[in-house]
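Asks: Please find the sequence and the predicted model below.
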Amino acid sequence: MTEESGSAPSDDAASPATEQSLAEKIEREQKERRLRAEIIDVGRNWYGGSEYRAEDGGTVFGAGRDLYIQHPEEDVFTIPIPAGSVDRARGCIVETASQRELLARLAAGSVALLRGEPRSGRWTTALSALLELGRTCHTLGAKDLKKVRPAHLRGGHGYLLRADDATWLRHPETVLDQLRAVAVKSNAVIVALVPVDCVITKSVVTHEPPAAMDVLRRHVTYLAEELQEELQSHLHRLHDHVIGCRPAEAVEVAQQFAEGFRQGRALSDMISNLPYAALTELERNLEKDDAPSLARHFLISSSVLFGLPEAVVSEAALALANRIRQEEQREEDAEEERGLQVWERLSQWIDYSRLSEAEGIRGGEGRRIDVRPGLATRLLPSLWTQLPAIRPALYDWLSDLAGGDDWRAQVKAAYAIGRLATCDYDIIDKKFFTPWSKEREKARALTWALEAAALADRDVAVLVGRTLNAWATGTYNQRMAAALAYGSAIGVGNPGDALSAFRTIAVAASYLETCDAVARSVAEVYTPSTAGRVLGELARWADGDKLSEQVTAALAFVRLASLPQEHDTFPALRDHQPVTDLASLWINALHCGLSRTYGKNTYPAYTPGSWELMADWAQRATGDAIVDLIIEDVLARTTDRLRKPWLFYLHLWQKRSIITPEQFTRYIRLVKDR
């Protein structure tokens, strides 16, 4: 279907595409990204690192925008395990019976499965076993394990494979036999990490997690040996807070201690600030009968709205208190109605839960309420678990916040809902995700909630992906929700799924709003690791038969061309290869930058800014041979419909000295020769 013969996507007067200019939308979205990055705390763990390494070989970076995850996009890939990780495994391993059993299995065979919970030390146990066998270690990744071939592996090497996603194991025995045959032929060894519910019975070792305290002591000795003696004197204080931790959490504590030691902080203060210590104290506080009546409500409000002004947090706490009081009074005599305690002091609420307050940087900003580092993501799920009676009121309260007027509170509430999905995904899906997918005005809040859920837990991320894939072919509102949700960390981490869903939604689009939503999300997943794939896909849409996908490609390309091209997180468009992709995208965008007529009706351009952006490129072409080459390719392939606009703009740009006389002569010749 061509533009001239097809019907145009409707110009919805209420759509974001017509309410704001592109610059205004980008500015608003950047503000939203900054707040989301603060909530996610991307790139800053407890001990202040700028990035963290994912166990499957990916790297997650804070990028000043949202976040991006770099990992290979091949169907099968291997990544050398960094030397630092190898050294740490050698120096910090706590031997267990399962490690010795795994070593024996690998000595007798080429493939073994290590069954256990995530973050329980499986990775270190498997790595240590491979090192003890004298193997050079790599991460092995595959979208489909049946596609792993001997050529992918190297003789004498060991490979760690994460197979927690049950979709990889639809035919587990067959997959295991395939891996064994590949490993034998390549003279390699493979350890696959599988979940506790894995149904395979052969070649399986059940992981026995090491004691968290042993893990902590070993890592402290490795990271900051000077702390070892002082740590020994505080073991009695640490015991209650660390004994229930998973090994990975104990490692995080050790890293926090080592970093704090380098900063000159006292170990006793660091122990007091552990999230585990705070949660233990929280449980004690919840049992107190003499606690200020509103302190618990303020604690819950702070666990959701941390970082916002005290007045906002307090107002939300009072709203929650009213909701819970209404629930309580349904079972009480109306004559015994109890009022809120209006004379309680803020200091009582903060002391009860050991929250913190700080003055704003500038006058009039008010005080901010914060929770301890590392506790923000744990606090609300802990309260949800400990206080089941408040859940109905909590759901209603969070829904009110997410639908309120304060966009900061909207984002915070949505992310809190996403964190609750890690407690019970089905419940949160039924209470929030599915109902919100049917409400057009809830699409953005739903995006934030799904992103938080996917980032909080790897297994939950799989459930989120399945939900979004189903919505991509669902109702109009569900398609919009899927388009927006994939334009987040969810899509950055799964670019293939995201781009496939985007095209499905774009092809079926009937409204400009839908095209604009997909275009915005495409720009969100444009990162150094996905840039080539994104532009190649957009070029395919630009050459497609559907007007809706052509318009979507134009809107997305104009967005990308409007981004800061010299920023590390926004790869320059002019660096993309092949150049023919960029020429196709420019031609499509310029077509959509013209008004069009259907019958007796004339409609405004979809991307009027495309011609202004081309003027910027033409000006840059004087000192950039690649940009000049791209423009020449665009002109050489121009269409009859673009010929007159090109002649007009080239004369205009010459008159305004945007292009040089030499450029004008060459460009005019290309247009006329065409």
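Replies: Received, thanks. Given the structure is predicted, the values throughout are model-derived calculations rather than measurements.

Asks: how close does the most centrally placed residue in the chain get to Gly465?
Replies: Among the residues of the chain, the one closest to the centroid is Ala489, at 2.4 Å (CA atoms, centre = their mean). Distance of Ala489 to Gly465, computed by CB to CB, to the nearest Å: 12 Å. C-betas here are computed from N, CA, C, even on glycine.

Asks: hey, what's in contact with both of these two?
Replies: Taking CB atoms under 8 Å, 6 or more residues apart in numbering as the criterion, Ala489 and Gly465 both touch Ala454.

Asks: separation between the residue nearest to the centre of the chain and Ile626?
Replies: Taken as CB to CB, the span from Ala489 to Ile626 is 32 Å.

Asks: who's in contact with the nearest residue in space to Ala509 that is not next to it in sequence?
Replies: Using CB to CB, 6 or more residues apart in numbering and skipping residues adjacent in sequence, the residue nearest Ala509 is Ser548, 4.0 Å away. Ser548 makes contacts with 9, 506-510, 514-515, as judged by CB under 8 Å, 6+ apart.

Asks: neighbours around the residue nearest to Leu145 when sequence neighbours are not counted, how many?
Replies: Nearest residue to Leu145 in three dimensions, chain neighbours excluded: Val175, at 4.9 Å (CB to CB, 6+ apart). Val175 has 19 neighbouring residues, counting by other CB atoms under 10 Å.

Asks: before we move on, which element is Val175 in?
Replies: Using DSSP states H and E, Val175 maps to helix 172-186.

Asks: Quick check: buried residues in that helix?
Replies: Using 16 or more other CB atoms under 10 Å as the burial criterion, the residues of helix 172-186 that qualify are 172, 175-176, 178-180, 182-183, 186.

Asks: other SSEs contacting it?
Replies: Counting contacts by 3 or more CB pairs under 8 Å, 6 or more residues apart in numbering; DSSP states H and E, helix 172-186 is packed against strand 111-115, strand 189-194.

Asks: which residues are contacting it?
Replies: With CB under 8 Å, 6+ apart as the test, helix 172-186 has contacts from 109-111, 113, 145-146, 148-155, 161, 168-169, 188-190, 192, 198-200, 202-203.

Asks: what mean pLDDT does it have?
Replies: Helix 172-186 carries an average pLDDT of 86.

Asks: okay, it in PDB with CA atoms only?
Replies: Presented in PDB, the C-alpha positions along helix 172-186 are these (Å, rounded to 0.1, in the frame of the first residue of the first chain):
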ATOM      1  CA  PRO A 172      15.100 -31.100  28.800                       C
ATOM      2  CA  GLU A 173      16.400 -34.700  28.200                       C
ATOM      3  CA  THR A 174      16.900 -34.000  24.500                       C
ATOM      4  CA  VAL A 175      18.600 -30.700  25.200                       C
ATOM      5  CA  LEU A 176      20.900 -32.300  27.700                       C
ATOM      6  CA  ASP A 177      21.900 -35.100  25.300                       C
ATOM      7  CA  GLN A 178      22.500 -32.400  22.700                       C
ATOM      8  CA  LEU A 179      24.800 -30.500  25.000                       C
ATOM      9  CA  ARG A 180      26.700 -33.600  26.000                       C
ATOM     10  CA  ALA A 181      27.300 -34.600  22.400                       C
ATOM     11  CA  VAL A 182      28.600 -31.000  21.600                       C
ATOM     12  CA  ALA A 183      30.800 -30.900  24.700                       C
ATOM     13  CA  VAL A 184      32.400 -34.300  24.000                       C
ATOM     14  CA  LYS A 185      33.100 -33.500  20.300                       C
ATOM     15  CA  SER A 186      34.700 -30.200  21.200                       C
END
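
Asks: Buried residues, stretch 252-265. List them.
Replies: Neighbour counts over stretch 252-265 (16+ other CB under 10 Å) mark 252-261 as buried.

Asks: Just name the closest of the residues you listed to Asn494, please.
Replies: Asn494 lies nearest to Glu252 out of the buried residues of stretch 252-265, by CB to CB, at 25.8 Å.

Asks: Where does that closest one fall, secondary structure wise?
Replies: Glu252 belongs to helix 247-262, assigned by DSSP H and E.

Asks: Pull the residues that contact the very next helix or strand once past that helix.
Replies: Where DSSP H and E defines the elements, the next helix or strand beyond helix 247-262 is helix 267-272. For helix 267-272, the external contacting residues (CB under 8 Å, 6+ apart) are 227, 230-231, 234, 237-238, 241, 256-257, 260-261, 277.

Asks: could you dump these to a markdown table with pLDDT?
Replies: Converted to a markdown table, those look like this (pLDDT from 0 to 100):
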| residue | pLDDT |
| --- | --- |
| Leu227 | 87 |
| Glu230 | 86 |
| Leu231 | 85 |
| His234 | 83 |
| Arg237 | 78 |
| Leu238 | 80 |
| His241 | 69 |
| Gln256 | 83 |
| Phe257 | 88 |
| Gly260 | 85 |
| Phe261 | 88 |
| Ala277 | 60 |
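
Asks: Among the residues you listed, which one lies nearest to Asp581?
Replies: Using CB to CB, the shortest approach to Asp581 within those belongs to Gln256, at 46.3 Å.

Asks: Quick check: the gap between that closest one and Val220.
Replies: From Gln256 over to Val220 the distance is 10 Å, taken as CB to CB.

Asks: Kindly reformat the contacts of helix 267-272 as JSON lines and extend each row with distance to Arg479.
Replies: Shown next, in JSON lines, are the contacts of helix 267-272 (distance: CB to CB, whole Å):
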{"residue": "Leu227", "distance to Arg479": "54"}
{"residue": "Glu230", "distance to Arg479": "58"}
{"residue": "Leu231", "distance to Arg479": "55"}
{"residue": "His234", "distance to Arg479": "55"}
{"residue": "Arg237", "distance to Arg479": "54"}
{"residue": "Leu238", "distance to Arg479": "51"}
{"residue": "His241", "distance to Arg479": "47"}
{"residue": "Gln256", "distance to Arg479": "43"}
{"residue": "Phe257", "distance to Arg479": "48"}
{"residue": "Gly260", "distance to Arg479": "48"}
{"residue": "Phe261", "distance to Arg479": "52"}
{"residue": "Ala277", "distance to Arg479": "46"}
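
Asks: from those residues, which is closest to Ile631?
Replies: Nearest member of those to Ile631, counting by CB to CB, is Gln256, at 53.3 Å.

Asks: Only the buried residues of stretch 425-445, if you could.
Replies: Result for stretch 425-445 [16+ other CB under 10 Å]: buried residues 425, 428-429, 431-433, 436-437, 442-445.

Asks: any idea how far the residue nearest to Ala509 is from Arg503?
Replies: With distances taken as CB to CB, Ser548 is found 10 Å from Arg503.

Asks: hmm, back to that, just to check, the residue nearest to the centre of the chain is in contact with Ala453?
Replies: No. Counting by CB atoms under 8 Å, Ala489 sits too far from Ala453 to count as a contact (10.6 Å).

Asks: For the chain, which element, helix or strand, carries the lowest mean pLDDT?
Replies: When the helices and strands of the chain are compared on mean pLDDT, DSSP states H and E, strand 51-53 comes out lowest with a mean of 31.

Asks: Isn't Val86 up against Thr136?
Replies: No. Checked against CB under 8 Å, the pair Val86 and Thr136 is beyond contact range at 9.2 Å.

Asks: With pLDDT as extra columns, can I get the buried residues of stretch 425-445 in CSV?
Replies: As requested, the buried residues of stretch 425-445 are exported to CSV (pLDDT from 0 to 100):
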residue, pLDDT
Tyr425, 94
Ile428, 96
Asp429, 96
Lys431, 96
Phe432, 96
Phe433, 96
Trp436, 95
Ser437, 93
Lys442, 89
Ala443, 87
Arg444, 85
Ala445, 91
